[in-house]
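# this one's sequence-less:
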């Protein structure tokens, strides 16, 4: 059976590497380093979950979320946010994100959130 696929979109290489270490053994991961790339990958790939950073170049995570929802894409979305962006994270939830996690996050936080959304 195919492993669930997760799109991870974050402009910080360290965050992408951390999530790869935490999730890579259990899930198939695809990565984007900005919002435009995230949108393109969400349109072209079936994913079980998208993890989007709110603050990214070219298009932020909130813009990506709004665009995919307008296009009818129902992929579950988990937002990542720096502490000062909690209001933006709440706005993301009103636009259809299932949850948000503050950065930096703990390993157990991300595992719990992902398992809660995908099951597994």
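Looks like it came in fine. Please read these numbers as outputs of a predicted model, since none were measured by experiment.
# C-alpha from now on. contacts and neighbour counts both.
Noted.
# Grab the most central residue of this protein for me.
residue 51 (0.9 Å; CA atoms, centre = their mean).
# Which elements pack onto the strand or helix carrying it?
Residue 51 belongs to strand 49-53 when assigned by DSSP states H and E. The elements that strand 49-53 packs onto, with contact taken as 3 or more CA pairs under 8 Å, 6 or more residues apart in numbering; DSSP states H and E, are strand 5-9, strand 77-82, helix 107-118.
# Tell me the strands beside it, with direction?
strand 5-9 (parallel), strand 77-82 (parallel) (DSSP bridges).
# after the first one, next one along is what?
Following the chain from strand 5-9 toward its C-terminal end, the next helix or strand by DSSP H and E is helix 13-23.
# Let me know the next secondary structure element after that following helix.
strand 28-32.
# Of the helices and strands packed on strand 49-53, give the one that comes closest to residue 22.
Of all those, helix 107-118 sits nearest to residue 22, with 6.6 Å by CA to CA.
# mind checking how far the closest one is from the chain centre?
How far helix 107-118 lies from its chain's middle: 12 Å, per CA atoms, centre = their mean, to the nearest Å.
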